[in-house]
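S.K.: Show me how the following folds:
(2 chains)
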Amino acid sequence: MTDRALEGSTAIITGAGRGLGKAMAEGLAAQGTKIALIDLEEDVLTAAVADVETAGGQGCALAVTADVTDADRARAAIDRTIDAFGGFDILINDAAMGPQFFTDNFVADTPKFWEHDVDLWHRVLTVNAFGPQLMATVAAPHLVERGWGRIVNVTTSLDTMYLRGCGAYGPSKAALEANTRIMAQDLEGTGVTANVLIPGGPANTRMIPDATGFDRDELVQPEVMQAPVCWLCSTDADDISNMRFIAAMWDENLPRDERVSAAGAPTAWAQIGSVARRPSAWADADR
Amino acid sequence: MADGKLAGKVVMMTGAGRGLGRTMALALTEAGAKLALVDLDGEELQEVAGEVQDIGGGDAVIPLGADVCDPDSSATAIYYAIEKFGRLDVLFNNAALGPQAVAADPFGKPPKFWELDPFTFIRMIDVNAAGPQLMAAAAVPHMIENGWGRIINITTALDAMYVPGMGAYGPSKAALEAHTAIMARDLDGTGVTANALIPGGPANTRMIPDATGIPRDALIQPEDMQAPAVWLASNDSDGHNGERFIAGHWNEGLEKASAPCAWPQLGKQAILPKSIER
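M.R.: Residues are numbered from 1 along each chain as shown, chains lettered A, B, ... in the order given. Below you'll find the model as predicted:
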């Protein structure tokens, strides 16, 4: 076990009870990372911890039941991780409420924006856009003080951000995408990086209900997240920040730089370039 | 005034108490529209209502003190506007919490993301992204019934959406931009359209505090919003749906001043099962 690539590191993963979060937890644990799994439901977490320990060994996983939008609970969850593991290096913001809360079938049955439940729309926006900010706010000072760290935000494909029928799902992910670019700029020079990792298309998780009628084998499988997340959390990615990676396009067989350019791009929609007309005093600011 | 381009139209402007909202409201009144003005701040709201009245007459305006991100308050505002004027044709979602809510000099001394007060951050998301959804959701069933209507969301420049030091301002506007594209698709074929309108750079409003040291006349002036706002609220913009309009380029022609909502220029992204057509 001593030659595992990420031995000695510790990660906090939100939404780790199932889906992409759990797959990433298993992938990282197999490489030696200790994991604090955060989720809302205790029984889901208990089962996930058992699976993660199967991948990484007895005692490598800690279950923390918490709501990522509750400031006190978020702080307590991070404190508990520090108590248990002596600190942490990695925050993966994966917890999200998906399209399935708005429709069983976002292909054929797309509710209009004025038909959504008011509280549900707001809750999804809060969980997906505010939760990661809250977790990162509490985590960043610890990571910056240690001089090394990772923030990985799970958003979605750029064109899913304006997919109708999914309520606040797309808009909330657009907000998180933009915020990741802000996080990366704020963290420049600290040794802590911020990147986006997405599956690259609808994934085989509960976010895509069976009612969509998709062949589940045709969906992006959660396991594709494992190789790129392990790499992002390794020292080989020390110089990689402010990028978005598409897990389905991650090819371990390619040499490092080719692999990065095949699956990576700048965060957000930066390729569109500078469009704002700014006063000259501020126009040259580097984004 | 009755013969203006917007004669017979009823427009609701949120964040009407100052800045871009106030300036657009005055131009819309000038063009003959009746105005329902919404703002949190009662005193500012009354002042602008007075200005609108001076232009459009006594029954041209109704001031409505309301919080756009409170479900009851926003629905009530829409209800009163329709009650007073008998209809509602245009909704400008202009109310927003700007960078000034985060720091006195957000450009010179930008706070790091982890130094932000979480409650200010969520409040910005609520006002800037959830508020427009609440207002639009309450307004469109009425517009669809009339077979004509406008949702105009004030967002920001695409690259302002990820400027550090402004809290949730940029991210919340990214959410609203994406949501505008969704609104437009949902409204397709109803006679109601949804578009984004932006100044096109930092504007001369309270959102850019004096502490930034930026000369006020180097900023985009709120008055630049007037011509595109009137055009968007009029029948002249029929058929334009899911676009973003840039006030700072308005005089250079529609092609230069417009783009599709959000970032579809970046093309198809998601890897989809064969059964999905987007």
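S.K.: Report the contact partners of B:Glu44.
M.R.: Contacts for B:Glu44 (Cβ atoms under 8 Å, 6 or more residues apart in numbering or on different chains) come out as B:17-18. Backbone N, C-alpha and C define where each C-beta goes, glycine included.
S.K.: swap that for A:Thr103, sorry
M.R.: Counted by Cβ under 8 Å, 6+ apart, A:Thr103 has contacts A:109-111, A:165-166.
S.K.: And the pLDDT for A:Arg216?
M.R.: For A:Arg216, the pLDDT comes out at 92.
S.K.: For the closest residue to it other than its chain neighbours, grab the count of nearby residues.
M.R.: Closest residue to A:Arg216 apart from its sequence neighbours, by Cβ to Cβ, 6 or more residues apart in numbering or on different chains: A:Asn204 at 5.2 Å. Using other Cβ atoms under 10 Å in any protein chain shown, A:Asn204 has 20 other residues around it.
S.K.: how far away is A:Asn204 from chain B?
M.R.: Computed as Cβ to the nearest Cβ, to the nearest Å, the A:Asn204 to chain B distance reads 10 Å.
S.K.: Show me where the stretch 151-278 of chain B has its strands.
M.R.: For the stretch 151-278 of chain B, strands defined by DSSP state E, counting those that start in this stretch occupy the ranges B:192-198, B:243-246, B:258-260.
S.K.: For A:Glu7, which of the ones you listed is the nearest?
M.R.: Checking the strands of the stretch 151-278 of chain B against A:Glu7 by Cβ to Cβ gives strand B:258-260 as the closest, at 48.3 Å.
S.K.: Could you please name the strands the closest one pairs with and the direction of each pair?
M.R.: Sheet pairing of strand B:258-260 (DSSP bridges) gives strand B:243-246 (antiparallel).
S.K.: how about the CA coordinates for the partner strand, as CSV?
M.R.: Presented in CSV, the C-alpha positions along strand B:243-246 are these (Å, rounded to 0.1, in the frame of the first residue of the first chain):
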residue,chain,number,x,y,z
GLU,B,243,-30.7,37.7,-27.6
ARG,B,244,-28.4,40.0,-25.6
PHE,B,245,-28.3,43.7,-26.5
ILE,B,246,-25.4,45.9,-25.6
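S.K.: And that strand, what's buried?
M.R.: By neighbour count with 16 or more other Cβ atoms under 10 Å in any protein chain shown, strand B:243-246 contains the buried residues B:243-246.
S.K.: Which one of those is nearest to A:Ser157?
M.R.: Looking across those and measuring by Cβ to Cβ, the closest to A:Ser157 is B:Arg244, at 20.4 Å.
S.K.: correct me, but that closest one touches B:Gln265?
M.R.: No - B:Arg244 lies out of contact with B:Gln265 (Cβ atoms under 8 Å); the separation is 11.4 Å.
S.K.: Identify the contacts common to those two.
M.R.: Common contacts of B:Arg244 and B:Gln265 (Cβ under 8 Å, 6+ apart): B:Ala259.
S.K.: Is the longest helix along chain A in proximity to chain B?
M.R.: Counting by DSSP state H, the longest helix found in chain A is helix A:169-187. Yes - interface with chain B: helix A:169-187 contributes A:170-172, A:174-179, A:181-183, A:185-186 (Cβ under 8 Å from any Cβ of the partner chain).
S.K.: Next, the contact list for A:Ala174, please.
M.R.: Contacts for A:Ala174 (Cβ under 8 Å, 6+ apart) come out as A:155, A:161-162, B:171, B:174-175, B:177-178, B:262.
S.K.: try 7 Å
M.R.: Residues counted as contacts of A:Ala174 (Cβ atoms under 7 Å, 6 or more residues apart in numbering or on different chains) are A:161, B:174-175, B:177-178.
S.K.: any idea how far it is from B:Ile151?
M.R.: 18 Å (Cβ to Cβ, to the nearest Å).
S.K.: Run through the strands of the stretch 1-150 of chain B in chain order.
M.R.: Per DSSP E, counting those that start in this stretch, the stretch 1-150 of chain B carries strands over the ranges B:10-14, B:34-39, B:61-65, B:90-93, B:149-154.
S.K.: Please work out which residues outside the first one touch it.
M.R.: Okay, so that is strand B:10-14. Here strand B:10-14 makes contact (Cβ under 7 Å, 6+ apart) with B:21, B:24-25, B:28, B:33-38, B:68, B:81, B:85, B:87-95, B:135, B:233.
S.K.: follow-up on the earlier one: distance to A:Ile38, neighbour count and pLDDT for the contacts of A:Ala174 - can I get that in a markdown table?
M.R.: A markdown table is the format used below for those (distance: Cβ to Cβ, whole Å; neighbours: other Cβ atoms under 10 Å in any protein chain shown; pLDDT from 0 to 100):
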| residue | distance to A:Ile38 | neighbour count | pLDDT |
| --- | --- | --- | --- |
| A:Met161 | 24 | 30 | 97 |
| B:Ala174 | 25 | 35 | 98 |
| B:Ala175 | 24 | 33 | 98 |
| B:Glu177 | 30 | 28 | 98 |
| B:Ala178 | 27 | 31 | 98 |
